[in-house]
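predicted structure and sequence below. I'll ask about it afterward.
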Amino acid sequence: MKKTSTILFLLLFAISCSRHEYQKFIPHDYSDVDSIHTDYLVSYSDDSIFAAGTPCGYKDTNGKIIIPRGKYESCWTDTFRNYAIVWDSASTFSLIVAIDRKERILFDIYLFDNWPDEPSEGLFRVKRNEKVGFANELGQVVIPCQYQCAFPFENGIARVAYKCTEYEGDCEHKAPESEEWFFIDKNGKKVK
């Protein structure tokens with residue numbers, strides 16, 4: 001009986017602690033982000049898990065439909081502030097692109113490991129006309145798409161090349177190779 005009481009006490013204590021930790025969780029406050037839009041749109045779909053290939057759209061916070069469901073094949077961005085990443089299957093080339101609030105294509109998405117490139121030091125790789133550049137987290141292209149290959153920023157610099165080739169690296173990824181690598185800073189200036 002004492003062993004059962006002890007186990008029951010420990011179980012209740014663990015549940016109590018886990019609830020306490022959950023209650024301490026505070027969602028991220030976006031008010032500290034320098035944003036063009038203070039309002040935002042939210043993606044919606046008939047599919048609750050938003051699987052790839054699920055037609056989607058965007059509503060404002062009052063529920064008004066701004067971009068009708070089905071306009072895009074998939075919405076990679078759930079909270080649309082300044083730009084949204086969508087799969088535009090209606091385009092000629094069926095592209096994953098970034099759009100603004102007027103649904104203008106800002107740039108093509110640079111995919112790495114089957115996912116849009118993640119920001120590194122506030123910048124992420126984007127594409128336009130098969131060339132690579134960098135955008136900031138507001139979706140503004142800050143370094144023009146002019147490189148054939150580019151690595152993410154690390155310690156304030158990124159390795160880029162105007163000419164390169166890709167070869168089969170490991171079993172999942174292609175690796176870029178060039179004889180003309182150089183480094184740029186976050187302003188796009190060549191550095192030593």
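Looks like it came in fine. Residues are numbered from 1 along each chain as shown.

endpoint to endpoint, stretch 55-71 covers what distance?
Taking CA to CA, to the nearest Å, the span from the opening residue of stretch 55-71 to its closing residue is 7 Å.

what's that stretch in contact with?
When contacts are taken as CB atoms under 8 Å, 6 or more residues apart in numbering, the neighbours of stretch 55-71 outside the stretch itself are 39-46, 50, 72-75, 80, 84, 86, 90, 101, 103. All C-beta atoms are positioned from the backbone trio N, CA, C, and that covers glycine.

which of these count as buried?
Applying a neighbour-count criterion of 16 or more other CB atoms under 10 Å, the buried members of these are 40-45, 72-75, 80, 84, 86, 101.

of these, which pair is most distant in space?
Greatest spacing in the buried ones among the contacts of stretch 55-71, by CB to CB: 40 and 73 (21.6 Å).

where does the prediction get shaky in the protein?
When residues are selected by pLDDT under 70, those of the chain lie in 1-38, 48-52, 90-94, 169-173.

which stretches of it form helices?
For the chain, the helices identified by DSSP state H occupy 2-24, in order along the chain.

what residues go with each domain of it?
Structural domains assigned to the chain are 37-109, 110-192, following automatic domain parsing.

now do the contacts for residue 106.
For residue 106, the set of contacting residues under the criterion of CB under 8 Å, 6+ apart consists of 83, 97, 98, 99, 100, 135, 139, 141.

contact partners for the fourth one?
The one in question is residue 99. By CB under 8 Å, 6+ apart, residue 99 lies in contact with 83, 84, 86, 88, 105, 106.

what does the last one give?
The contact partners of residue 141, by CB under 8 Å, 6+ apart, come to 106, 107, 126, 128, 133, 134, 135.

and those residues, which of them are buried?
Buried members of these, counted by 16+ other CB under 10 Å: 106, 107, 126, 128, 133, 134, 135.

the last one contacts residue 127, correct?
No - look at residue 135 against residue 127 with CB atoms under 8 Å: they stay out of range, at 10.2 Å.

overlap of the contact sets of the two?
residue 107.

about what we covered before: need the contacts of residue 106 in JSON lines (columns: distance to residue 153).
As requested, the contacts of residue 106 are exported to JSON lines (distance: CB to CB, whole Å):
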{"residue": "83", "distance to residue 153": "19"}
{"residue": "97", "distance to residue 153": "22"}
{"residue": "98", "distance to residue 153": "18"}
{"residue": "99", "distance to residue 153": "24"}
{"residue": "100", "distance to residue 153": "24"}
{"residue": "135", "distance to residue 153": "12"}
{"residue": "139", "distance to residue 153": "17"}
{"residue": "141", "distance to residue 153": "15"}
